[in-house]
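K.L.:
generate a structure from the sequence data that follows.
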Amino acid sequence: MSEHSENVADLSILIVSYNTRALLDACLKELQATVQTKYEVVVVDNASRDGSVEMLRTHWPRVGVLEMGANLGFARAVNRALSAASGEYLLLLNPDTSVLPGALDQLVSFLAEHPEAGVAAPQLLNRDFTDQGTARAFPTPWASIFGRKSLLTKLAPNNPWSRRYLVGQRINQSAPFVVDWVSGACLMIRRDVLEKVGPLDERFFMYWEDADWCRRIGNAGYAVYCVPGAKVVHYEGQSSHGRPARLVWTFHRSVYTYYTKHHLRQPWHPLRPLVAAGLAFRAAAIIATSAPLATRTRSR
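P.N.:
Okay, the predicted model is just below:
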């Protein structure tokens, strides 16, 4: 299972795959070329139909492969990988990423040297090496207007409301900094943090489980860090597959799960129906007016 040693790995790299054969193969090659820490790779496959599992068994025999048998969602697949991992450091990694040299080694070193840190994440970059804006403040209703994918943020990226939410873009420094939450496309924690906080909440099929996890980790007394010296290119949206309308509904359903879990905890709270109606209206409007839909709803 370990790519560098038969001994127990220091780092477990956990990848969820769903019809991403070419991306997955390229990602594994990048890891082999760029990671010096003793590591293992565990791939959980959500019933891919593109030969991903066969490719892994043929070309990557030392990679651990777990087959879910059906597409049961991102959170459930990650939790299956977490239960099989042996490393002291645990990395969630999307297959649509390219890890730059030294990035994961730097994250491991940072967590080893900072026991107060519960999460360490790299600076995620777009394919043109611009910042992807994934180090953020916790979402509020205003994030739907001033979030990193919103029209207002695209038209006026330096407006104070968007900059307040997109923390990484306004800090503009190379030193590690504390942030509310980071993207699960590349997110590392220590095993002791997992044991204290628990795995991902499986009520999230996909989207926003990373924000929820970071919030729980912060509530447990740990800090969430972005380490911008570690850089990973994220070809955002390439690992999302499915009908665009279904992805939009899934995204908004996860927003509802997150918001009610952390802000409207009582099942009888009178605002719950209003929030549900508002999110349903927003989802319907996006489906009716936007294309391509899948890339516009990508949060991780």
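K.L.:
hang on, residue 12 in a strand?
P.N.:
Yes. According to DSSP: H, G, I helix; E, B strand; the rest coil, residue 12 belongs to a strand.
K.L.:
ok, it to residue 81 distance?
P.N.:
Distance of residue 12 to residue 81, given as C-beta to C-beta, to the nearest Å: 8 Å. Quick note: C-beta positions are derived from backbone N, CA and C, even for glycine.
K.L.:
shared neighbours of these two, which are they?
P.N.:
residue 42 (C-beta atoms under 8 Å, 6 or more residues apart in numbering).
K.L.:
who's more crowded, the two?
P.N.:
Ranked by neighbour count (other C-beta atoms under 10 Å), residue 12 and residue 81 place residue 12 first, with 25 against 22.
K.L.:
the more buried one against residue 92, yeah?
P.N.:
No. With contact defined as C-beta atoms under 8 Å, residue 12 does not reach residue 92; the gap is 10.0 Å.
K.L.:
and for residue 276, nearest residue in space, chain neighbours not counted?
P.N.:
residue 256 (6.0 Å; C-beta to C-beta, 6 or more residues apart in numbering).
K.L.:
and the one you found, what element?
P.N.:
helix 244-262 (DSSP states H and E).
K.L.:
name the residues of that helix that are buried.
P.N.:
Neighbour counts using 16 or more other C-beta atoms under 10 Å place 244, 247-261 of helix 244-262 among the buried residues.
K.L.:
how far does that helix sit from the chain's center?
P.N.:
15 Å (C-alpha atoms, centre = their mean, to the nearest Å).
K.L.:
quick one: mean pLDDT for it?
P.N.:
Average pLDDT, helix 244-262: 88.
K.L.:
stretch 185-203 too?
P.N.:
97.
K.L.:
now do it: distance to the chain's middle.
P.N.:
On C-alpha atoms, centre = their mean, the centre of stretch 185-203 falls 12 Å from that of its chain.
K.L.:
quick one: residues contacting the residue nearest the centre of the chain.
P.N.:
What sits nearest the mean C-alpha location of the chain, by C-alpha atoms, centre = their mean, is residue 184, with 1.4 Å. Residues in contact with residue 184 (C-beta under 8 Å, 6+ apart) are 74, 78, 92, 94, 209-210, 213, 300.
K.L.:
ok, what's across the strand from residue 117?
P.N.:
Beta-bridge pairing for residue 117 (DSSP bridges): residue 223.
K.L.:
show me the contacts for it.
P.N.:
110-111, 222-225.
K.L.:
from residue 49, how far off is it?
P.N.:
In terms of C-beta to C-beta, residue 117 sits 39 Å off from residue 49.
K.L.:
please apply the same query to residue 87.
P.N.:
Taken as C-beta to C-beta, the span from residue 87 to residue 49 is 30 Å.
K.L.:
which other helices and strands contact the helix holding residue 256?
P.N.:
helix 209-219, helix 271-289, helix 293-296 (3 or more C-beta pairs under 8 Å, 6 or more residues apart in numbering; DSSP states H and E).
K.L.:
what's the mean pLDDT across stretch 28-48?
P.N.:
Per-residue scores along stretch 28-48 average to 97.
K.L.:
end to end, how far does that stretch reach?
P.N.:
17 Å (C-alpha to C-alpha, to the nearest Å).
K.L.:
and it, how far from the chain's centre?
P.N.:
Distance, centroid of stretch 28-48 to centroid of chain: 16 Å (C-alpha atoms, centre = their mean).
K.L.:
need the phi and psi values for residue 43.
P.N.:
Backbone geometry at residue 43, expressed as degrees, to the nearest 10, gives phi -110, psi 130.
K.L.:
nearest residue to it other than its sequence neighbours?
P.N.:
residue 15 (4.8 Å).
K.L.:
what about the one you found, which helix or strand?
P.N.:
Using DSSP H and E, residue 15 falls in strand 11-17.
K.L.:
tell me which other helices or strands that strand touches.
P.N.:
helix 21-34, strand 39-45, helix 74-84, strand 89-93, helix 103-113.
K.L.:
which one of those lies nearest to residue 56?
P.N.:
Minimum separation from residue 56 across the helices and strands packed on strand 11-17 (C-beta to C-beta) falls at strand 39-45, 6.0 Å.
K.L.:
tilt between the helix or strand just after that closest one and strand 11-17?
P.N.:
Heading C-terminal from strand 39-45, the first helix or strand you meet, by DSSP H and E, is helix 52-59. Helix 52-59 and strand 11-17 are oriented at 140 degrees to each other (axes from the mean of the first three to the mean of the last three C-alpha atoms, to 10 degrees).
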